[in-house]
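Student: whatever this is, show me its structure:
(chains A, B and C)
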Amino acid sequence: MPKESYFEQVYDVVRCVPPGRVTTYGTIASFLSLGSARMVGWALNHCFGAGDVPAHRVVNRNGELSGRAHFRPPSLMQERLEAEGIKVEDDKVVEFDKLFWNPADHF
DNA sequence: TCACTGACAAGGG
DNA sequence: ACCCTTGCCAGTG
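Tutor: Below you'll find the model as predicted:
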């Protein structure tokens, strides 16, 4: 498999997200200039088994842990975020604007 | 080949 | 301010 699928493109960006920071689906899609926000979430759905992809650092534009239901256990996403110093309340990232990390900024 | 799916985002009522 | 509809596009059956 010499060619990277769209999944791997997303995984690569997610891996670049530093601990204690979060990003959104739309941001990744915009950064890749490919696909859409829905695809990013869909790609992450297949990430389990694709290696160590910190999918818990990816949230929706509201800062909500929309993908927590896909973790096992579902609370694992919040556990991971809190382990990195991110506070989560009511399934939402506290001070999401501050913790937001833009891949384009790192670039 | 065609149709449906999906962890979202933005706009309109 | 909230709820609903539309658009998005690669992958799978």
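
Student: which residues touch the residue sitting nearest the centre point of chain A?
Tutor: Centroid check for chain A by C-alpha atoms, centre = their mean gives residue A:58 as the closest residue, at 1.9 Å. By C-beta atoms under 8 Å, 6 or more residues apart in numbering, the residues touching residue A:58 are A:14, A:17, A:22-25, A:28, A:40-41, A:44, A:67. Yep, even glycine has a C-beta here, placed from its N, CA and C like the rest.

Student: show the pLDDT at it.
Tutor: pLDDT for residue A:58: 96.

Student: now swap in residue A:74 and tell me
Tutor: 89.

Student: what number of residues lie near the closest residue to it other than its chain neighbours?
Tutor: Leaving aside its chain neighbours, residue A:74 sits nearest to residue A:68 (5.0 Å; criterion: C-beta to C-beta, 6 or more residues apart in numbering). Look at residue A:68: counted by other C-beta atoms under 10 Å, it has 19 neighbours.

Student: same question, the one 4 residues further on
Tutor: As a burial measure, residue A:72 scores 9 neighbours (other C-beta under 10 Å).
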